[in-house]
Structure formats: C-alpha cells, structure tokens
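1. After the sequence you'll find the predicted model.
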Amino acid sequence: MTFIECSDLSFSYENKTVLSKVNFSVEKADYICILGENGSGKSTLVKGLLNLKRPSNGKIVFSKGIKSNEIGYLSQQKSMLKDFPASVFEVVLSGRLSSMGIRPFYTKKDKAIANKNIEKLGISHLKKKSFVELSGGQQQRVLLARGLCGTEKLLILDEPVTGLDPLVTLELYDLIKMINETEKMTIIMVTHDAREAIKHASHILHLANKQLFFGTTEEYKKTRMAEEFLGGGKVD
Ligand SMILES: Nc1ncnc2c1ncn2[C@@H]1O[C@H](COP(=O)(O)OP(=O)(O)OP(=O)(O)O)[C@@H](O)[C@H]1O
C-alpha cells in the first residue's frame, strides 16, 4: 500500500530554491533513509512531509491509508525537550497531543498507549523519573516512545543518534529496526551515518539540493555515488 507519493517536489526559502526534482513514494513497512551532506535539503524535506513547510513546486499526496496527523516524529537530540520539566511518563504521553484534536485532556486510551510504548522500549523502570535527569541514550528512547504514541503507521526520525555514544547508537538502531520489522511500522530516517543506514534501510533517498538517487538499498550499494559517499572501501 502506498502511503505517500511525492512528485516533482521543490522547496525554497525566500525565493531561493534549496531542493528540487524530488520524486519518491513511501510504501507501508518501508524503511527509507535520507542521506546527503550538510545543507543538502534533508530537514527541509522532512518539514514538507510533516506539513510544516509548503513545497514551492510539485505535490505530496497522502493516500487514504494515512493522514498527516498520523505521523510520529523524533527530532535531533538537541531538541528543546531536553529541558522539559516533566516525568518520563508525561513526556511519552505528550506524544498523544497530535491525535487529540480539540479534546483538552488525556483519556484512558491515551494513557494505555503511552504505557504500551514505554514497555515496548524497555523503559518501564524510568517511568517516574524526571526526564532531564536521564542520560542522552535514555532520553532518546523516551522520545522514541513519545514518537510512537503519535502513530501506528509512519515514524519520521531526523538524525536520532546525533551526540550518542557508539554503543547506545547501535542499541537505538536495533530498536528502530525491531519496530520496523515486528510492527510493520514505516520508517523515514534522516542520517549522516550512511554505513549504518545501508545495513538497515530498505530504500535510500540521496539528496544534494536535488534528488541524486531513490531506490532500494541493494541498487544503491552498486552505485559509484554510494562508494564515494561511504568514503571508498567495500560496501557490505
Ligand atoms: N529557515 C530557513 N531559512 C533560510 N534558509 C534555510 C532555512 N532552513 C534551511 N535553510 C537552507 O536550506 C538549505 C537546506 O537546509 P536543510 O536544513 O534542509 O539541510 P540538511 O540536509 O538537513 O542539513 P544538515 O545535515 O546540516 O541538517 C541550506 O542551505 C540551509 O541553509
């Protein structure tokens, strides 16, 4: 099932085009990694997918299977939430906000969903702790649980491992892969870590202010671009 179809997309800031000619589609249970150098347009595209920025050209079409408020989102670690004066449970529960519409309170169902995701990510023991007292890796797990509270279909992650140590980074990648495989959760992830990306992703979207490549990871691995981007050496 196709969730999102992007055709001939461009984005501009103050009439300056920063991304153009983007054409790709997102199918249910895909794991798409968006690669590219700094300033290549990755975050701008994510803003477009989250309906936070309007394309200057082309269109993003959501299928009947998904609405734009059914997308979970986890941003870079430098997120404002790092200083959020709240417990782990409250932070995770706040992931239900986008699904609440005009309803001003959390229901039992919202709380049950928060608890389910806390369990899924193995952070039940941290539930009552203050979010600001956690390690970077623990905070990112909490924010992943929060992102999952907003969706059962599509999770967008913008550089989720930035600033984490290598071991915690691997743990987080494994968790994301587990969610993709066991829940059939569709994943779109922006990352600088191309080597890890090609280990996990089903598809690669490579940007350089335009679309350089979109296709399966297997196809991508055969390209010269992949070799160069991965800094030479064997692509495994
Ligand atoms: N709010 C803004 N106003 C003006 N220009 C912007 C704005 N946000 C981004 N840009 C410019 O758009 C281009 C693409 O930026 P974007 O943040 O999408 O790139 P990126 O690939 O996500 O980069 P990084 O890997 O450094 O996060 C850059 O040249 C950037 O300077």
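-> All right, it came through fine.
2. how many neighbours does L164 have?
-> Around L164 sit 18 other residues, with neighbours defined as other C-beta atoms under 10 Å. C-beta coordinates here come from the backbone N, C-alpha and C atoms, glycine included.
3. And what about it, helix, strand or coil?
-> On the three-state scheme (DSSP: H, G, I helix; E, B strand; the rest coil), L164 is labelled coil.
4. Let me know whether it touches Q138 as I believe.
-> No - the criterion here is C-beta atoms under 8 Å, and L164 misses it with Q138 at 10.3 Å.
5. The ligand contacts on the protein?
-> Proximity of the chain to the ligand (C-beta under 6 Å from any ligand atom) is limited to residues 13, 18, 36, 38-44.
6. what's next to stretch 194-203, contact-wise?
-> Stretch 194-203 has contacts (C-beta atoms under 8 Å, 6 or more residues apart in numbering) with 24, 30-33, 35, 169, 173, 176-177, 180, 189, 191, 204, 214-217, 220-221, 226, 229-230, 235.
7. doesn't K21 make contact with N57?
-> No - with contact defined as C-beta under 8 Å, N57 and K21 do not form a contacting pair (9.1 Å).
8. Common neighbours of those two, please.
-> With contacts defined as C-beta under 8 Å, 6+ apart, the residues shared by N57 and K21 are 8-10.
9. Could you identify which of those has the most neighbours?
-> Highest neighbour count within the shared contacts of N57 and K21: L9, with 22 neighbours (other C-beta under 10 Å).
10. Regarding it, which helix or strand does it belong to?
-> Under the criterion of DSSP states H and E, L9 resides in strand 2-13.
11. any idea how far that strand is from the chain center?
-> Taking C-alpha atoms, centre = their mean, to the nearest Å, one finds the center of strand 2-13 at 16 Å from the center of the full chain.
12. what's the answer for stretch 46-62, then?
-> Averaged C-alpha coordinates place stretch 46-62 at 15 Å from its chain's average position (C-alpha atoms, centre = their mean).
13. which stretches of this protein form helices?
-> 42-49, 88-93, 97-100, 108-120, 136-149, 166-183, 194-200, 217-221, 224-229 (DSSP state H).
14. what is the rounded mean pLDDT of the shortest one?
-> Just to be clear, that refers to helix 97-100. Mean pLDDT, computed over helix 97-100, is 72.
15. cool, and the last one?
-> What helix 224-229 shows for mean pLDDT is 85.
16. So which bits of that helix are buried?
-> By 16 or more other C-beta atoms under 10 Å, the buried positions in helix 224-229 come out as 226, 229.
17. again with the longest one
-> Across helix 166-183, burial judged by 16+ other C-beta under 10 Å covers 168-169, 171-173, 175-176, 179-180.
18. before we move on, what about stretch 185-203?
-> 185-191, 193-194, 196-198, 200-203.
19. Which pair of these spans the longest distance?
-> M185 and A194 (22.0 Å; C-beta to C-beta).
20. ok, now which ones touch I113?
-> By C-beta under 8 Å, 6+ apart, the contact list for I113 reads 96, 149.
21. separation between M225 and the ligand?
-> Using C-beta to the nearest ligand atom, to the nearest Å, M225 is found at 16 Å from the ligand.
22. Just list the residues touching the most centrally placed residue in the chain, thanks.
-> Closest residue to the average C-alpha location of the chain: L157 at 1.8 Å, with C-alpha atoms, centre = their mean. By C-beta under 8 Å, 6+ apart, the contact set of L157 is 73-74, 144, 147, 176, 187-190.
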